[in-house]
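S.K.: this is a predicted model, with the sequence first.
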Amino acid sequence: MEFPANVYPWMNLQRKGIEARCIPHDGGGLTVEALERYADERTRVVAVSAVEFLTGFKSDLPALGAWCREHESYFVVDGIQALGVTPLDVQACQIDFLSCGGPKWLMGPKGQGFIYCRQGLLDEIQPPFAGCISVSGWENWRDYNLTFLPDARRFELGSANTIGQIGLLAAVRFLMEIGIPAIERWTLHLTDMLIEDLKQRNYGIISNLEPKRRSAIVSFIVPGDVDEAFQKLTDAKIVASKREQYIRISPHCYNTEEEIARVGEVLGNVGQISSLPHR
């Protein structure tokens, strides 16, 4: 269920003799129970999305982080479908590394993002790249001393995209002024409305509906021609995503109840169908 950005980097390590295991999802994402079945004493890293891009499955990061700490495995989290719409505490979740792009819920420009690295791990990491500003005393251009900076600046290689950074900072400040807990409450309210309306119209919801697994992403089955249904939404100026044979709706803080109601109004009712069974 992972987005390819959190799959291919691990698969690529197989060329160096690293084994990468992509395990079956459990109800739409990764659970501690599934991890227990597939991990062993050789497991060094557990990588997961905070929220899965297709199902909207919200991972239990504190439980997964506790498992990783107990088993001496690094905990790596892709935060792009969570940050900006749901609170996330990297320390409480015992996250070692977290990466996130600027678009999506943060509403920043493309080509921007950031990485979090737990402070205590910096000395364990050998950066794969070194640039002109990665090292201590970098201002002394001809003093070629490959001593990496003592903080996360060691990962910076050269001139930054300053305009993009300003755009991301402005977006983050806007979201923080509203408050992430308030955004989460509102988006869950909107998705509650959407799910209830879709159920009444006999659409099958594939997103996990357990309260602890809920997020601001709702994906549902469209019987018949999903391209036609997607085009209906597009023609009605409703921004949605078509993922495989499903439609995905992801309301944010700026959406209204009236806008959510329009999804079902545009698509109309369908014959009786059932929800997708969770594996």
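M.R.: Perfect, thanks for sending it.

S.K.: low-confidence ranges in this protein?
M.R.: Along the chain, the parts satisfying pLDDT under 70 run over 271-279.

S.K.: dead centre of the protein: give me the residue that sits there.
M.R.: Gln81 (3.1 Å; C-alpha atoms, centre = their mean).

S.K.: tell me how far that one lies from Lys232.
M.R.: 25 Å (C-beta to C-beta, to the nearest Å). In short, each C-beta sits where N, CA and C put it, glycine included.

S.K.: and for Ser73?
M.R.: Computed as C-beta to C-beta, the Ser73 to Lys232 distance reads 46 Å.

S.K.: and if you look at Val263?
M.R.: 10 Å.

S.K.: ok, now which ones touch Leu190?
M.R.: Applying C-beta atoms under 8 Å, 6 or more residues apart in numbering to Leu190 gives the contacts 216, 251, 255, 257, 260.

S.K.: okay, domains of this structure per the record?
M.R.: When the chain is parsed with automatic domain parsing, its domains come out as 4-112, 180-267.

S.K.: let me have those in a markdown table, extended by distance to Ser136.
M.R.: Shown next, in a markdown table, are the domains of the chain (distance: least, C-beta to C-beta, whole Å):
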| stretch | distance to Ser136 |
| --- | --- |
| domain 4-112 | 23 |
| domain 180-267 | 35 |
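
S.K.: nearest to Gly158, out of those domains?
M.R.: Nearest of those to Gly158, taken as C-beta to C-beta: domain 4-112 at 14.8 Å.

S.K.: now do the closest one: distance to the chain's middle.
M.R.: 8 Å (C-alpha atoms, centre = their mean, to the nearest Å).

S.K.: can you pull out the strands in the stretch 151-279 of the chain?
M.R.: 218-221, 241-243, 246-249 (DSSP state E, counting those that start in this stretch).

S.K.: a markdown table for those, including mean neighbour count and distance to Arg185?
M.R.: A markdown table is the format used below for those (neighbours: other C-beta atoms under 10 Å; distance: least, C-beta to C-beta, whole Å):
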| stretch | mean neighbour count | distance to Arg185 |
| --- | --- | --- |
| strand 218-221 | 24 | 16 |
| strand 241-243 | 15 | 23 |
| strand 246-249 | 22 | 18 |
